[in-house]
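**Student:** just coords:
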Ligand SMILES: Cc1cc2nc3c(=O)[nH]c(=O)nc-3n(C[C@H](O)[C@H](O)[C@H](O)COP(=O)(O)OP(=O)(O)OC[C@H]3O[C@@H](n4cnc5c(N)ncnc54)[C@H](O)[C@@H]3O)c2cc1C
Ligand code: SF4
Ligand code: FES
C-alpha cells in the first residue's frame, strides 16, 4: 500500500507563536545567567588557589559599579528562575503523597509554602553571611 | 431561533494530489449563539465547499477526533464556540507539529506507534491471579491514576509541545501520561518494563518542562506532571542500578 | 487492487469489534486477524457511552431479576434463550475488563460499586464515573495492543461484503488517506459496525453511526430484523442532541414540565414517593418516559428553547458535591453545550434517537443467516433488546457477544478448508460503482438528501406513529432513493481523504436502512415497546404480533416485510407495569 504524501510545516520562529514559549525561553535564558555566574564564582576559587594576589584582583572586580549593576541583573535572574522553579515543584509530587495532605491543600498551597520556606532560608543565610563578614 | 450573525472562517488548505504547499481559504459562515467551530466547518462542507476536509465524530468532546489550531491555539473544534471570536475572523489550521494529510486532517500514525510503545495495559505481578473475582481497589487508589486515564488521545498536547515539534522522536505528553497511568495503578506491576521507555533520551528526558501540554489539555490530564514525576523515578532508577545492578528486561 | 489475506476480518473497532478481536486472538494465537475501522478504534462511538454496563453483583440482585427486567423491558420481544445466556455472562465479562484495568468506580471497601438504571429492580449498573464507555473502549483498545496477531487497518472504509458460493469470503475497503481500494480476503467476517441512529436528525449519536454495516449485510440478502424499534433517549440537549445520561436520574435527578410538575406521575409511572425507587417515575423505561414527553408537548406543557420544546431535568437538590463526584461529565457537558450549570439551574432536555434495537439477526454465537458472516454489538439483532433496550444492557452486550462472535468466527476460520474463491471480478465491479460517483456532475448535494431523510424520519417514523404518516414516509423514502440513484453531486473529485465521497457512499446504505425501518414500522399493526401507534393500534397485540419483523432487500424497490417467531422459554407476556404496581422488593437506597 502506498504511503500518502504529507506536508510538514517547519518550526521557523516557533517562539513567536505563543507568549508562553517566550516565557519558557526567558526561563531557560536565566539558567544560562546562573551558569555564567557559577563560572565566575569558580574563577574566584581558582584565583584563591593561585594566590592572594590573584584573589585580590578577582575581589576587586566585585566592587566596580559595573559589577554592582551586573549583580543586580543576576539577582533578578536568580529570583525569577527560583520563582519559576517553585512554580513547577508541585508537578514532581506524586498523588500518593498529595492525597495524604489535608483537604484543600492544592498545588498553589504547596507552591506558596515552598516559596516562603525558600525566602526564610535565604534570609537566614544572608544574615549569617553578613555576620560572618563583620 | 437564536439570532444569526456572520463570521469569516479562514482555513488552511492542502491537497496532496494537487498542492505543492498549503494555502489559506476564507469562508463566510452564518452562525448562531450555540454553534461550535466544528459546526461552522460542517456548514462549509455541507453548503459552501464539499472539498474542505476535517475529522470529527462525537461532537461532544470525548472521541478526540476534531483537534485543530484555532488562532494558533490547539483546541477541540467541537467545544470551541464561534461566538467567542466574533466579530473578528478566525483562522483554523491543522494541529501543529504533525504532517498534514489533507486540509485539517493530520497524520496520527506516529502517535499511535508511541502509544503502543509504552505498554499501555495492566501487567499484573506473577502470582496475582484474581480468578473470576474483581480485584479490590479503594477509591483513593483509583484517584491515584484516574486523572491520567482521562486522555482522549486528541493530540492537542503534542501540538502545544515545541520539543515534539523540534524532534518528533520524543515520546511526548499523552503517551507518557498513559504510561504513568498504568504505573500509578495499584493493580499493576509493570514498572520495570516501562522504565526503559522512561529512561530513554526520547522518554521523559525529552521534556524541558515548557508546560504547555497541561495548559491546553481539554481533559485536565496534566501530562507535564506525569512526565516530571517520572524524571524523579528515572533518576532514582539510575542510581539504584549503580547500587544493585540487575539484568535488563 | 491490493489484496490482503487474513483468516478473520472484523469490521468495526468499537467495543464489540475490539472484544471480538481479543477473543479471537486469545482462542487461537495462530489466526491472522484484520481489524478494520473507518476511525481509529478509540474514536468509535462506544467512547460516548456515559452511564454504565449491567452485571449482577449487588447482594440484592439476582440473575432472575436481570432476566425479568430485560424481557419485560423488551416487551417480550426478546429471544429468551439468548437473554438467559447473556445475563449469565455479563458479570464475568465486566470482571474481565476489571482485570484488564478498567477503572470501575468503587465502594469505600474497594469493591465494585453499582447503581440503578431505568427499568431495574436492583442496582446493577457498573460504572466508571460517567464515562463508562470511554473507559471500556480505551481499556479494550489498549489491551488489544498486546496481541500481535491483530493487524489494524485504521481509517479504512468498508463498502461491500464479497460473497461467493453462498459464503462471505472478503470485504472491499478503501484506505481513506489515499482513496485506494483494497480487497480483504478472509474465511469469516464479523460485523461490529454499530447502530444507525444518524438516520434521524435529532440524535445522541456520533457522526459515524450511519448503519453501513447493516446496509452491507442487507444488500447481500441478509434480512434486517426489528428495525422499527428505535430507542429515543428521553434526556438529550435540544439541538445538538448531546446526551445527558440516565445516570443523572439514577442519582436522583427529576423531570419537570413547564409548571415545575413531575409529569411522569400522570403516565403510569407514579406515585412520587418514596423517591428514588426503582422502575418508577424518572427511572421508568425509556420508551415510556420519551412517550410521556410527546404527550406533554402535545398538551403545550413543555418549555420553549431556541432549539425546540424541552422539559427540565433538575439536579439541583443533589448539591454540588454529589454532582461533582458522580456526574462530573454531565456538569461539564451542560456548561459547555447548554450554558447551564446543573448545580444552580435545571437542564433543558428532550428525547432524541439513541439506539437501534434491530439489526442483522444472529444467534448467541453471532452467526447470521449468511455463511461466514457474524455480527456483534449494536449492528446485530441478537435478541436481547426486544422492543425496547434496557439502559446499560448494550455495553454488556458488546462484551458478551463480541467475545462469543470472536470465538465462533475464529473456530469457523480455523476449520474452514475451502479454497479461496476468485473475488477480483466482484471487487472490481463494486469498486467501479463507487468510483463512478466521483465523476457525477449532475445531481443533489449529500447534505440536501441527508436533510430530507432526517425530515422524513422525524415526521413519519417518530416517537408516536400512525399509518398515514408512516405510509407517506415510505413513499418519500422511495422517491429519495431514486433521487440518490440519479446522482449525488460532489465538489470533491480527488481520491485522497475524500470524506465527501465516502459520506455519499455511506448515505446510500443509510437510506436503505431508513427504508427498512419505515416499512417494518408500517407493517407492525400494534404498539409494543418503542413502537407506539396512535391509529387504533395503540395496544400490544400478542395474538398477531408477538413476532420479529424481517425486512428483505429488494434491489431498488422497497423492502419486503415478513415476520418470524420469537423464542419464549420461561416468561410469557404480561402487562408491563412500572411505578405504583411494580412493587419493588425494597426501596432504592440513596447512593
Ligand atoms: C451518548 C450515548 C450514551 C450511551 N450510553 C450507554 C450506556 O450508558 N450503557 C449502555 O449499555 N449503552 C449505552 N449506549 C449505547 C452503546 O454505547 C452503543 O450501543 C455501543 O457503544 C455500540 O458499540 P459497537 O461496538 O456496536 O459500535 P460502535 O462503538 O459504534 O463502533 C462501530 C465501529 O464500526 C466502525 N465502522 C462502522 N462502519 C464502518 C465502515 N463502513 N467501514 C469500516 N468501519 C466501520 C466504526 O469505525 C467503529 O469503529 C450509549 C449510546 C450513546 C449514543
Ligand atoms: S493528554 Fe490531554 S491534550 Fe494530550 S492527547 Fe490526552 S486529552 Fe489530549
Ligand atoms: S468531535 Fe469528538 S472530540 Fe470533538
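**Tutor:** Nice, I can see it. As the structure is a computational prediction, the values presented were derived from the model and not from experiment. Numbers count the residues shown, from 1 in each chain, chains lettered A, B, ... in the order given. Ligands and ions are numbered 1, 2, ... in the order given.
**Student:** Could you list the buried residues of stretch C:59-74?
**Tutor:** Going by neighbour count (16 or more other CB atoms under 10 Å in any protein chain shown), the buried part of stretch C:59-74 is C:61-62, C:65-74. (C-beta placed from N, C-alpha, C; glycine too.)
**Student:** Spatially central residue for chain B, please.
**Tutor:** The centroid of chain B falls nearest to residue B:155 when counting by CA atoms, centre = their mean (2.4 Å).
**Student:** could you pull out the helices for chain B?
**Tutor:** For chain B, helices defined by DSSP state H occupy the ranges B:37-43, B:109-117, B:139-146, B:156-160, B:162-166, B:173-183, B:191-199, B:212-216, B:223-243.
**Student:** Going along the chain from the helix or strand of chain C with the lowest mean pLDDT, find the next helix or strand for me.
**Tutor:** Using mean pLDDT, DSSP states H and E, the weakest-scoring helix or strand in chain C turns out to be helix C:247-250, at a mean of 86. As assigned by DSSP states H and E, the chain's next helix or strand after helix C:247-250 is strand C:254-256.
**Student:** Could you report the pLDDT at residue B:244?
**Tutor:** As predicted, residue B:244 sits at a pLDDT of 68.
**Student:** same question but for residue C:576, I mixed them up
**Tutor:** 81.
**Student:** where are the low-confidence patches of chain B?
**Tutor:** Filtered on pLDDT under 70, chain B yields the residue ranges B:1-2, B:244-249.
**Student:** Low-confidence ranges, chain A, go.
**Tutor:** Looking at chain A by pLDDT under 70, you get A:1, A:95-101.
**Student:** Nearest residue to the middle of it?
**Tutor:** Of all residues in chain A, the one closest to the mean position by CA atoms, centre = their mean is residue A:81, 3.2 Å from it.
**Student:** Would you state the secondary structure element containing the nearest residue to that residue once chain neighbours are set aside?
**Tutor:** Among residues not flanking residue A:81 along the chain, residue A:30 sits closest, at 4.3 Å (CB to CB, 6 or more residues apart in numbering or on different chains). Assigned by DSSP H and E, residue A:30 belongs to helix A:19-50.
**Student:** so how far is residue B:201 from the closest residue to residue B:199 other than its chain neighbours?
**Tutor:** Excluding the flanking residues, the one nearest residue B:199 by CB to CB, 6+ apart is residue B:234, at 5.2 Å. Separation of residue B:234 from residue B:201 (CB to CB, to the nearest Å) stands at 11 Å.
**Student:** Tell me which of the two has more neighbours.
**Tutor:** Applying other CB atoms under 10 Å in any protein chain shown to residue B:234 and residue B:201 shows that residue B:234 carries more neighbours, namely 17 against 11.
**Student:** who's in contact with that one?
**Tutor:** Neighbour list for residue B:234: B:195, B:198-199, B:203-205 [criterion: CB atoms under 8 Å, 6 or more residues apart in numbering or on different chains].
**Student:** Let's see that with 10 Å instead.
**Tutor:** Shown in contact with residue B:234 (CB atoms under 10 Å, 6 or more residues apart in numbering or on different chains): B:195, B:198-200, B:203-205, B:227.
**Student:** which one of those has the most neighbours?
**Tutor:** Neighbour-wise, these (other CB under 10 Å) top out at residue B:227, 28 neighbours.
**Student:** For residue C:89, the count of nearby residues, please.
**Tutor:** The number of residues packed near residue C:89 is 20, by other CB under 10 Å.
**Student:** now do residue B:116
**Tutor:** Counted by other CB under 10 Å, the residues lying close to residue B:116 total 13.
**Student:** now residue B:172: how far from residue C:96?
**Tutor:** Relative to residue C:96, and taking CB to CB, residue B:172 is found at 31 Å.
**Student:** Have a look at the two and say which one is more surrounded.
**Tutor:** Between residue B:172 and residue C:96, counted using other CB under 10 Å, residue B:172 has the larger neighbour count: 26 against 18.
**Student:** how about stretch B:140-151, does it get close to ligand 3?
**Tutor:** No. Stretch B:140-151 stays clear of ligand 3 (CB under 6 Å from any ligand atom), getting no nearer than 12.2 Å.
**Student:** Same question for stretch C:196-213.
**Tutor:** No. Using CB under 6 Å from any ligand atom, stretch C:196-213 never reaches ligand 3; the gap is at least 7.1 Å.
**Student:** ends of that stretch, how far apart?
**Tutor:** 9 Å (CA to CA, to the nearest Å).
**Student:** How about stretch C:135-153?
**Tutor:** 22 Å.
**Student:** what does stretch B:33-42 give?
**Tutor:** 16 Å.
**Student:** That one vs chain C: in contact?
**Tutor:** Yes. Stretch B:33-42 comes into contact with chain C (CB under 10 Å from any CB of the partner chain), by way of B:33-36, B:38-39, B:42.
**Student:** Out of those, which end up buried?
**Tutor:** Counted by 16+ other CB under 10 Å, these give B:34-36, B:38-39, B:42 as buried.
**Student:** could you dump these to JSON lines with distance to ligand 3?
**Tutor:** Shown next, in JSON lines, are those (distance: CB to the nearest ligand atom, whole Å):
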{"residue": "B:34", "distance to ligand 3": "15"}
{"residue": "B:35", "distance to ligand 3": "14"}
{"residue": "B:36", "distance to ligand 3": "8"}
{"residue": "B:38", "distance to ligand 3": "6"}
{"residue": "B:39", "distance to ligand 3": "11"}
{"residue": "B:42", "distance to ligand 3": "10"}
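**Student:** between those residues, which is nearest residue B:129?
**Tutor:** If you rank these by distance to residue B:129 using CB to CB, residue B:38 comes first, at 46.1 Å.
**Student:** That closest one contacts residue B:63, correct?
**Tutor:** No. Assessed by CB atoms under 10 Å, residue B:38 is found out of contact with residue B:63, at 11.5 Å.
**Student:** Overlap of the contact sets of the two?
**Tutor:** Jointly contacting residue B:38 and residue B:63 under the rule CB under 10 Å, 6+ apart are B:55-56, B:76, B:78, C:207.
**Student:** Quickly check those residues for the two that are furthest apart.
**Tutor:** B:76 and C:207 (14.2 Å).
**Student:** between those two, who's got more neighbours?
**Tutor:** Using other CB under 10 Å as the criterion, residue B:76 and residue C:207 rank with residue B:76 on top: 29 against 21.
**Student:** Just to check, the more buried one is in contact with residue B:55?
**Tutor:** No. Taking contacts as CB under 10 Å, residue B:76 lies outside contact range of residue B:55: 11.1 Å.
**Student:** Run through the helices of the stretch 351-500 of chain C in chain order.
**Tutor:** Here the stretch 351-500 of chain C has its helices, by DSSP state H, counting those that start in this stretch, at C:393-415, C:424-436, C:446-460, C:467-486, C:499-523.
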